[in-house]
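**Student:** sequence? don't have it. structure:
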C-alpha cells in the first residue's frame, strides 16, 4: 500500500483520474484501492477532490488474471473492495 501512496499524493493536484495499469494479480489492485482510500481518509476533504479510479489488468493467454482467477471472479471482488473503501472505481480494463 505504501508503494502506491507516494504517487497518489504527488499526482493528486495535477490529475483528474487515477489509472493503475498492468496489475497482474487481484491483491495488487486491492493495494491501489486501499492506498487511495487511506490517502482520502488522511487528507482534508476541502483541500483535495476525490478522483475516480480505473484499474487495468494484464491477462494470461487463457484470458485469466496472472494469479489464475477468471475475469468474472475478479470484477465483483474489486467492485466490492472499492465500495467498502469508498473509492470511486469507474472501470476495469483488460
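**Tutor:** Good, I have the coordinates. The model shown is predicted, which means the values in this text are computed figures rather than measured ones. Residues are numbered from 1 along each chain as shown.

**Student:** At which residues are the strands of the chain located?
**Tutor:** For the chain, the strands defined by DSSP state E occupy 18-23, 53-57, 89-93.

**Student:** how far out from the middle of the chain is the longest one?
**Tutor:** Relative to the centre of its chain, strand 18-23 is centred 7 Å away, using C-alpha atoms, centre = their mean, to the nearest Å.

**Student:** related to what we said a few turns ago, of all the strands of the chain, which lies closest to residue 11?
**Tutor:** The closest of those to residue 11 is strand 18-23. By C-beta to C-beta, the value is 7.4 Å. C-beta here means a position set from N, CA and C on the backbone, and glycine is covered the same way.

**Student:** what packs against that closest one?
**Tutor:** Strand 18-23 sits against helix 2-11, helix 26-42, strand 53-57, with contacts defined as 3 or more C-beta pairs under 8 Å, 6 or more residues apart in numbering; DSSP states H and E.

**Student:** Mind doing that once more with 6 Å?
**Tutor:** Helices and strands touching strand 18-23, by 3 or more C-beta pairs under 6 Å, 6 or more residues apart in numbering; DSSP states H and E, are strand 53-57.

**Student:** Residue 31 is nearest to which of the strands of the chain?
**Tutor:** Of all the strands of the chain, strand 18-23 comes closest under C-beta to C-beta, at 9.1 Å.

**Student:** Give me the pLDDT for the closest residue to residue 27 other than its chain neighbours.
**Tutor:** Leaving aside its chain neighbours, residue 27 sits nearest to residue 67 (7.5 Å; criterion: C-beta to C-beta, 6 or more residues apart in numbering). Note on residue 67: pLDDT of 91.

**Student:** Next, count neighbours for residue 67.
**Tutor:** 14 (other C-beta atoms under 10 Å).

**Student:** Check whether it really touches residue 25, as I assumed.
**Tutor:** Yes. Between residue 67 and residue 25 there is a contact under C-beta atoms under 6 Å: 3.9 Å.

**Student:** for the strands of the chain, which one ends up most surrounded?
**Tutor:** strand 53-57 (a mean of 20; mean count of other C-beta atoms under 10 Å).
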